[in-house]
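Participant: With the input below, show me the fold.
(2 chains)
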Amino acid sequence: MLLFAAGLAGILFLGLNAQPTSTVVLLPDADGRAGALELRTEATSQSLDTAYASATSTALGSFVTRTEDPDTVRQRYMQTLAARPSMPVSFLLQFEFGSAQDITPAFQPVLRQLLASLADYPAPEITVIGHTDRVGSLQDNDRLSLQRAQTVRDLLVQAGVDPSMVTIAGRGEREPAMPTGDEVARAENRRVEINLR
Amino acid sequence: MNIRKYATVCAVLLAQLPVGAAEEAGMVKISKGAVMVERDSRQLPAPVGTRIFSNDRVKTGSDGSIGITLRDNTLLSAGPNSTVDLTRFSFDSTTHAGAIDATVRRGTLSVISGKIAKASPEAVRFSAPGMTLGVRGTSFVIDAGP
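Facilitator: Numbers count the residues shown, from 1 in each chain, chains lettered A, B, ... in the order given. All right, here's what the predicted structure looks like:
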């Protein structure tokens, strides 16, 4: 009877002070490696840095860690994982020197690839960002980069993309793909990035 | 257009904007079953294409699931019977500075972290009952327990 009372008191004590509990499972990235998480309760902290490592917080604020079976995790969180949006993708196009019109011949395959990808992106958002090399003034390059983005937007719209999905921006020579000194004509920097998400 | 009609149109347009013009956080890309967004204590349906704002609460029913792409390319998805608060979201698309603060109140949330976590991991915080998570990448599931 005494034991029972002590047990009951213990349960009540735990119940009153009990922390709610949750579980976190670290998943592998697209490349198969895992990132890292730092978990905290009021009492302690726990890091996770291997794929399928999990930690469950306890009522007392500690963690129980283990390595989960990948199939079990996929099964347990099937509906959650099935609702993950597609990973955003980027496409790159290069322009001829000084031009806002002359896209290198590589554009057609890029355009076909992008149009084919659209099916995987419900409510697609496309951002087109123009860049220049470092020849010319900052101002001229801001203008040229925006014109390049407009050219690409127009081509996308001609190919049937809904214009309301597309936003454009020009970054001029401010974000070179390959850093160079000023007034250097580097082909890699004359580009337009198309981001689809 | 007479004044009354004009006033009605304005009221309708205003009603679609979130109060206090919260920052746009992302867009619903996948929506299955019963899914809704709670904004300024109103419950709104959340079909594909719905814009999500900072301070929104996302809820799913027993047959519901939702996938959201945030503006920094963070991918979120919630499974059935879930309640997730996107307490704070801000993102500067030029500098990639910003902040994410989200809480899983019940159910499950899968996360693939985006540009904010890369640029300033200390500004990304997820919480679940009994714990908080700091994120240094990249893909994980939060299960708010039974």
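Participant: which SS state does A:Val152 fall under?
Facilitator: helix (DSSP: H, G, I helix; E, B strand; the rest coil).
Participant: The residue of chain B found nearest chain A: helix or strand, and which one exactly?
Facilitator: With CB to the nearest CB, the shortest gap between chain B and chain A falls at B:Gly137, namely 2.7 Å. (C-beta placed from N, C-alpha, C; glycine too.) Using DSSP states H and E, B:Gly137 sits within no helix or strand.
Participant: Show the pLDDT at it.
Facilitator: pLDDT, B:Gly137: 83.
Participant: any idea how far B:Gly114 is from it?
Facilitator: 10 Å (CB to CB, to the nearest Å).
Participant: tell me, how many neighbours does the residue of chain B closest to chain A end up with?
Facilitator: 19 (other CB atoms under 10 Å in any protein chain shown).
Participant: check contacts around it.
Facilitator: By CB atoms under 8 Å, 6 or more residues apart in numbering or on different chains, the contact set of B:Gly137 is A:29, A:35-36, B:113, B:117-118, B:121.
Participant: again, but for A:Val25
Facilitator: Per CB under 8 Å, 6+ apart, neighbours of A:Val25: A:52-54, A:68, A:73, A:77, B:140-141, B:143.
Participant: Excluding covalently adjacent residues, which one is nearest to the residue of chain A found nearest chain B?
Facilitator: Of all residues in chain A, A:Gly35 sits closest to chain B, at 2.7 Å by CB to the nearest CB. Spatially, and ignoring its direct neighbours in sequence, A:Gly35 is nearest to B:Gly137 (2.7 Å; CB to CB, 6 or more residues apart in numbering or on different chains).
Participant: and that neighbour, what are its phi and psi?
Facilitator: Taking degrees, to the nearest 10, you get phi 100, psi 160 for the backbone angles of B:Gly137.
Participant: same check, this time on A:Ser164
Facilitator: phi -70, psi -10.
Participant: Equivalent analysis for B:Ser110, please.
Facilitator: phi -100, psi 140.
Participant: Would you mind confirming that it makes contact with A:Met78?
Facilitator: No - under the criterion of CB atoms under 8 Å, B:Ser110 is not in contact with A:Met78, lying 10.9 Å apart.
Participant: Between the two, which has more neighbouring residues?
Facilitator: When B:Ser110 and A:Met78 are compared for neighbours, B:Ser110 comes out ahead with 23 against 12, by other CB under 10 Å.
Participant: Which strand residues bridge that one?
Facilitator: B:Ser77, B:Val141 (DSSP bridges).
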